[in-house]
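Asker: structure of the sequence below:
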Amino acid sequence: MATSTLPLLFSTTITTSNHDQPFIHNNHTHLIHLLTQPTILISHLKQIHAQTLRTIHTNHPKALFLYTRILHHSSLTNLDYATKVFHHYDNPNSFMWNTLIRGYARSTSHKDKVMELYKAMISEEGSVVVPDNHTYPFVLKACAYIFSLCEGKQVHAHVFKLGFESDTHICNSLIHFYSTCGCLDLAKKIFHKMSRKNEVSWNIMIDSHVNVGEFDTALQLFRDMQKVHQPDGYTMQSVTSACAGLGALSLGIWVHVYVLKKCFDKNMQSDVFVNTCLVDMYCKCGSLKMAQDVFERMPFRDVNSWNSIILGFALHGKAESALHYYTRMVKIERFVPNSITFVGLLSACNHRGMVNEGLMYFNIMTKEYNIEPRLEHYGCLIDLFARSGRIEEAMKWVSQMPMKPDAVIWRSLLDACYKKQKNLELSVEMAKHVFELEGNNDCSSSSGAYVLLSKVYASANKWNDVGLVRKLMSEKGVTKEPGCSLIEINGATHEFFAGDTTHPQRESIYKFMNEVEKKLESIGYVPDFSGAPLVDENDDGKEKTLKVHSERLAIAFGLLNSRPGIPIRVYKNLRVCNDCHKVIKLISRIYNVEITVRDRARFHHFNDGTCSCMDYW
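Answerer: Purely as a prediction, here's the structure:
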């Protein structure tokens, strides 16, 4: 028979028949000593619990502290056991309730039970236990996690009723709860009413604005925060994410310098989360080289760090580099990839049309790492097949998916059908799926499908059908999303819409664009009208509209206002059209300038007449 290898916690068998008080005192002291250890194995904790049951009655004055410590340790490792310990004690106090609530709130799969415990706490018959200021942060955290807005509002009412509305920690939890549930206005009201705000208060508000895309407001809050509190690592993560969202490279560099110079005492320079955010920011702001520099200098990395650089390479069309870093990650550094890693790999293959490689990594994900494919993985794989012209195989993958395809997948198939000039009936079928899924809920996103369908009809010279699609858009209130481009010059961001005439330098911009057009014509440039408005008009009219696309205005402004040799970076909300792509390549050669354009799908790096996408996007 195998013998136990557990350490012997108690050297003698204890009996309590004589109720020896000195013995109880000594045993109690010994148990307390064991329970003050920072961590205790559950097997050891059960021995301590058993000894407590045998030697000290639950009504004994010294029993309460022992049981609270046993409950505390068990709540960290075994919630089922903790619950049994809790229910064994006849009259649990608020600390014991809070301990169990906290344990469930911190669990990964049992947060929904927190409200059950809270309701039991406040409705316990004959109980004099009242929730305190330690109860509500954990209850609100659980409500935020399960997006339980109704129950969270009821908890807020209890907070107000019990007079905790001025408690900083509870207010922070309320701000987090409301912002997580999409009620940022309510979160703002609580924040502005707070008499005492700490670093956490500011961090939650900054992060909440970043999460909803209000990057400018987040940065203004950061400036206000600096007047009263020193930013910490969480602050800088959110601020860096705001810079990434804006594509503001100069501001992102300033944040990086701030971390290096102002945050040395807090050891923030080696913080893996801050550095990962910097990698992500530089990738999204168009400076892949700086992202690599930060990544390679990181003293510590985690899976998220590797995912950020792999996704960055994918976004910039550097498929070979993405696959190389993946090999380093799993073969040399011995990290285990997760589902996000494979989104990056599949996206990298998609941007280069590497069908066989994409299929290989999909199989590695499912067979070697047993990762269940999500909609994003299927979307990348289907788009990879479709954009390579293998529409039938893409449709086969759609039919094999265990979940329903979303509008993004159908829209990518529709786009592929248009570009590969597949049959009209198939394109119409794709468009119908998009319309059914999107309905009228999001007119800006569904407009893309209407425009694509118009292009399909236009390419088949079915102008009456083009008119019918436009009429349908008008009836449903669907408007085409206008092209918009941003360019940052000397730290200031300038916004241009297609045909924009509102910029202070509009006269010089349009004059310069005319000069550019003359140089383009001199080298044999011929317009590509596929990106022109879908109306049956002559080529001259279409050419005029192509000339004033938003990215061309932004690039002209950049050439006029940037110093020679400084790269031009433009961010566009829509995909670059074929004609603009051709023109920007020529401009990069004529003016000997590096131009980076980030469109809705990826980065394009233009240099000396070529593009990093190799004309595949």
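
Asker: please name the nearest non-neighbouring residue to the residue positioned nearest the centre of the chain.
Answerer: Note on the chain: the residue nearest the mean C-alpha position is N211, at 7.7 Å, using CA atoms, centre = their mean. If the residues on either side of it in the chain are set aside, N211 comes closest to S179, at 7.3 Å by CB to CB, 6 or more residues apart in numbering. (Each C-beta comes from the backbone N, C-alpha and C, glycine too.)

Asker: which residues touch the one you found?
Answerer: By CB atoms under 8 Å, 6 or more residues apart in numbering, the residues touching S179 are A187, I204, M205, S208, N211.

Asker: show me where the chain dips below the pLDDT cut-off.
Answerer: Where the chain drops to pLDDT under 70, the residues are 1-28, 30-33, 57-61, 124-128, 263-267, 439-446, 530-543.

Asker: picking that back up, top of the contacts of S179 by number of neighbours, please.
Answerer: Within the contacts of S179, M205 tops the neighbour count with 28 neighbours, counted by other CB atoms under 10 Å.

Asker: phi first, then psi, for it.
Answerer: Per-residue torsions, M205: phi -70, psi -40 (degrees, to the nearest 10).

Asker: where do the strands sit along the stretch 501-617 of the chain?
Answerer: Under the criterion DSSP state E, counting those that start in this stretch, the stretch 501-617 of the chain contains strands at 568-572, 595-598, 603-607, 610-611.

Asker: three-state assignment of the residue nearest to N211?
Answerer: Under DSSP: H, G, I helix; E, B strand; the rest coil, the three-state class of S179 is helix.

Asker: for it, give its distance to I204.
Answerer: Separation of S179 from I204 (CB to CB, to the nearest Å): 7 Å.

Asker: shared neighbours, the two?
Answerer: Common neighbours of S179 and I204 (criterion: CB under 8 Å, 6+ apart): A187.

Asker: what sits up against the helix or strand containing S454?
Answerer: Element membership for S454 (DSSP states H and E) is helix 443-459. The contact list for helix 443-459, computed with CB under 8 Å, 6+ apart, reads 407, 410-411, 414-415, 417-418, 421, 424, 427-428, 431, 434-435, 438-440, 463, 465-466, 469-470, 472-473, 476-481, 530, 534.

Asker: for stretch 511-527, same thing?
Answerer: Here stretch 511-527 makes contact (CB under 8 Å, 6+ apart) with 539, 542-543, 546-547, 552-553, 556, 559-560, 579, 582-583, 586-587, 590.

Asker: also stretch 152-169?
Answerer: For stretch 152-169, contacts defined as CB under 8 Å, 6+ apart pick out 118, 122, 130-131, 133, 136-137, 139-140, 143-144, 170-171, 174, 177-178, 181, 194-198, 200-201.

Asker: show me where the stretch 501-617 of the chain has helices.
Answerer: Assigned by DSSP state H, counting those that start in this stretch, the helices in the stretch 501-617 of the chain fall at 506-522, 539-547, 550-561, 578-590.

Asker: neighbours of the residue lying closest to N578 once chain neighbours are set aside, how many?
Answerer: The shortest distance from N578 to any non-neighbouring residue, by CB to CB, 6+ apart, is to D528 (4.5 Å). A count of nearby residues for D528, using other CB under 10 Å, gives 16.

Asker: please tell me I have it right and D528 contacts D579.
Answerer: Yes: using CB atoms under 8 Å, D528 makes contact with D579 at a distance of 4.1 Å.

Asker: one step back: can you redo the helices of the stretch 501-617 of the chain as a markdown table with distance to P231 and mean neighbour count?
Answerer: Formatted as a markdown table, the helices of the stretch 501-617 of the chain follow (distance: least, CB to CB, whole Å; neighbours: other CB atoms under 10 Å):
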| stretch | distance to P231 | mean neighbour count |
| --- | --- | --- |
| helix 506-522 | 38 | 14 |
| helix 539-547 | 45 | 15 |
| helix 550-561 | 32 | 23 |
| helix 578-590 | 38 | 20 |
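
Asker: M96 versus E475, what's the distance?
Answerer: Applying CB to CB to E475 and M96 gives a distance of 63 Å.

Asker: these two: which is more packed in?
Answerer: Neighbours per residue, other CB under 10 Å: of E475 and M96, the larger number sits with M96, 22 against 8.

Asker: what are the phi and psi angles of that one?
Answerer: phi -70, psi -40.

Asker: my read: it touches Y89, true?
Answerer: Yes: with contacts counted by CB under 8 Å, M96 reaches Y89, the gap being 6.7 Å.

Asker: anything in contact with each of the two?
Answerer: The contact sets of M96 and Y89 overlap at Y67, L71 (CB under 8 Å, 6+ apart).

Asker: would you list every one of the helices in the stretch 351-500 of the chain?
Answerer: 355-363, 375-387, 391-400, 407-419, 424-438, 443-459, 463-476.

Asker: out of these, flag the one nearest T493.
Answerer: When the helices of the stretch 351-500 of the chain are compared by CB to CB, helix 443-459 sits nearest T493, at 21.5 Å.

Asker: now that closest one: buried residues?
Answerer: Going by neighbour count (16 or more other CB atoms under 10 Å), the buried part of helix 443-459 is 443, 446-459.

Asker: pull it out as CSV, backbone CA atoms only.
Answerer: The C-alpha coordinates for helix 443-459 follow below in CSV (Å, rounded to 0.1, in the frame of the first residue of the first chain):
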residue,chain,number,x,y,z
CYS,A,443,-26.6,51.9,-42.4
SER,A,444,-22.9,52.9,-42.6
SER,A,445,-21.7,49.3,-42.7
SER,A,446,-24.5,48.0,-45.0
SER,A,447,-23.7,50.7,-47.5
GLY,A,448,-20.6,48.8,-48.5
ALA,A,449,-22.7,45.9,-49.7
TYR,A,450,-25.0,48.3,-51.7
VAL,A,451,-21.9,50.0,-53.3
LEU,A,452,-20.4,46.6,-54.2
LEU,A,453,-23.6,45.4,-55.7
SER,A,454,-23.7,48.6,-57.7
LYS,A,455,-20.2,48.0,-59.0
VAL,A,456,-21.2,44.4,-60.0
TYR,A,457,-24.1,45.8,-62.1
ALA,A,458,-22.0,48.6,-63.5
SER,A,459,-19.2,46.2,-64.6
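
Asker: and the angle for it with helix 407-419?
Answerer: Between the axes of helix 443-459 and helix 407-419, defined by axes from the mean of the first three to the mean of the last three CA atoms, to 10 degrees, the angle is 20 degrees.

Asker: quick one: helix 443-459 to helix 424-438, angle?
Answerer: 170 degrees.

Asker: helix 463-476 and helix 443-459, what's the angle between them?
Answerer: Orientation check (the same axes, to 10 degrees): helix 443-459 against helix 463-476 gives 170 degrees.

Asker: out of the helices of the stretch 501-617 of the chain, which gets nearest to K367?
Answerer: Closest of these to K367 is helix 578-590, at 38.1 Å (criterion: CB to CB).

Asker: tell me which of the strands of the stretch 501-617 of the chain sits most buried.
Answerer: strand 568-572 (a mean of 25; mean count of other CB atoms under 10 Å).

Asker: only C-alpha atoms, please: export that one in CSV.
Answerer: The C-alpha coordinates for strand 568-572 follow below in CSV (Å, rounded to 0.1, in the frame of the first residue of the first chain):
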residue,chain,number,x,y,z
ILE,A,568,4.2,60.9,-45.4
ARG,A,569,1.6,58.9,-43.4
VAL,A,570,-2.1,58.9,-44.3
TYR,A,571,-4.9,57.1,-42.6
LYS,A,572,-8.1,56.4,-44.7
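
Asker: list the strands paired with that strand, with their directions.
Answerer: Using DSSP bridges, the strands paired with strand 568-572 are strand 484-489 (antiparallel), strand 595-598 (parallel).

Asker: go through the ones you listed and name the closest to D80.
Answerer: For these, the distance to D80 is smallest for strand 595-598, at 50.3 Å, taking CB to CB.

Asker: so which residues make contact with the closest one?
Answerer: Residues outside strand 595-598 that contact it (CB under 8 Å, 6+ apart): 247, 284, 286, 551, 555, 558, 567-572, 576, 584, 587-588, 603-607.
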